[in-house]
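sequence-free structure coming up:
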């Protein structure tokens, strides 16, 4: 790997506690519940990844007082680096994005460009583990915005936007049972595709959803009924991917739930996956011979915890990682360059749940001043290559 990585040890990826209510919301397009997800950042890294070059920036004064001792070693950073390459994954995209775990070699390059250039087989990957596989786009369209906090969702406008994304080649959609009307919108969208697009077009469309049940007894009938609700809302005979989340690791019912989900692969689910599971529980799941194809976790240039033991386990077992928060809800952009959010009304408003969430991450990582130094460095690299800060090219 180009450059050195300084990171506090991360034995497990901590899931995000959430204020989302346990009960499944009904189908609706108005009065969407507001979800505010907060992540406890218990482990951060100090090496910043970019595919565009390597730059050293002097931040000794700004880092004063930020570095602490970790266990028996001094958690020390001589310099922040933008690493030339990272051989373990390929990461791209503003919405949730896939990075695979090949052997130690540089991944095939992906050229950034206009949306109309996205279509093509080189921009698709296969989620595969054992006998289970699913072909999806490298860049996923995340639908958290439909869950509330981003203003009212207009059904027709949302479906038209989904069609435009799919027409441009971005035909994989990531949603959840608690993302407001996301599954219902997908159901309307997929019917439009069936009626207005050729059969080969439909073959490229994928709908990935999540199931976030309450930590109750996971019986076969409860699991089956919950899956049927998503199937009905999405208007599909079989879910392309069901990503499972669990609230309380002290309750080992997650193993029962996953076993019941595996039983439903005969016709109601094509692939079973996880979301926000930590490394320890992922290993337990695999040791119980439960075939999961992926784990969706948070990853960005600021939060690279999943590159630690989680990435190592995934590389050994073939489980893929789907990442969200790649550009931190928009904070990693020119819009927030040279701004001071400590002064009221001095910068762009943090008026969405995602901006508020990732601003808390910045505060835990090192603060807004340090983040400004990062944005300035990224801007210099982006300008050199004729792209925006949020764009990653190879």
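All right, it came through fine. What you are looking at is a predicted structure, and each value in this text was computed from that prediction instead of being measured.

which positions within the longest helix seen in the chain qualify as buried?
The residue-count maximum for a helix in the chain (DSSP state H) belongs to helix 368-385. Within helix 368-385, the residues that count as buried by 16 or more other CB atoms under 10 Å are 368, 370-375, 377-379, 381-382. C-beta here means a position set from N, CA and C on the backbone, and glycine is covered the same way.

repeat that for stretch 264-278.
Quick answer for stretch 264-278 (16+ other CB under 10 Å): 264-265, 268-278.

mind listing which of the residues you listed are in strands?
Judged by DSSP state E, the buried residues of stretch 264-278 include 269-275 as members of strands.

rewinding a little: and the two most separated of the buried residues of stretch 264-278?
268 and 278 (27.3 Å; CB to CB).

could you dump the ones in strands among the buried residues of stretch 264-278 to a markdown table with distance to residue 321 and pLDDT?
As requested, those are exported to a markdown table (distance: CB to CB, whole Å; pLDDT from 0 to 100):
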| residue | distance to residue 321 | pLDDT |
| --- | --- | --- |
| 269 | 20 | 97 |
| 270 | 19 | 95 |
| 271 | 15 | 95 |
| 272 | 15 | 97 |
| 273 | 10 | 97 |
| 274 | 10 | 98 |
| 275 | 11 | 98 |
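
just give me the closest of the residues you listed to residue 154.
For these, the minimum distance to residue 154 (CB to CB) is 27.4 Å, reached by residue 275.

wait, doesn't that closest one sit right on residue 209?
No. Using CB atoms under 8 Å, residue 275 and residue 209 do not qualify as a contacting pair, with a distance of 10.2 Å.

shared neighbours of these two, anything?
Counting by CB atoms under 8 Å, 6 or more residues apart in numbering, the contacts common to residue 275 and residue 209 are residue 243.

and which of the buried residues of stretch 264-278 is nearest residue 203?
For the buried residues of stretch 264-278, the nearest to residue 203 is residue 270 (13.2 Å; CB to CB).

residue contacts, that closest one?
Residue 270 neighbours (CB under 8 Å, 6+ apart): 132, 134, 238-241.

6 Å - rerun?
When contacts are counted by CB atoms under 6 Å, 6 or more residues apart in numbering, residue 270 is found next to 238, 240.

how much space between it and residue 210?
According to CB to CB, to the nearest Å, residue 270 stands 15 Å off from residue 210.

ok, residue 232 next?
To residue 210, residue 232 is 16 Å away according to CB to CB.

more neighbours: which of these two?
It is residue 210, of residue 232 and residue 210, that has more neighbours when counted by other CB atoms under 10 Å, with 23 against 13.

before we move on, the earlier item: any chance of CSV for the buried residues of helix 368-385, columns distance to residue 201 and pLDDT?
Converted to CSV, the buried residues of helix 368-385 look like this (distance: CB to CB, whole Å; pLDDT from 0 to 100):
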residue, distance to residue 201, pLDDT
368, 45, 94
370, 46, 96
371, 41, 96
372, 44, 96
373, 45, 96
374, 40, 96
375, 39, 96
377, 42, 95
378, 36, 96
379, 38, 96
381, 37, 94
382, 34, 95
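
for this protein, which spans come out with low pLDDT?
Where the chain drops to pLDDT under 70, the residues are 1-122, 127-130, 392-394.

tell me where it has helices.
Along the chain, the stretches classed as helices by DSSP H are 60-63, 155-167, 182-196, 199-202, 220-234, 253-263, 279-287, 309-317, 353-365, 368-385.

now the angle from the second one to helix 182-196?
Read that as helix 155-167. Orientation of helix 155-167 against helix 182-196 (axes from the mean of the first three to the mean of the last three CA atoms, to 10 degrees) gives an angle of 60 degrees.
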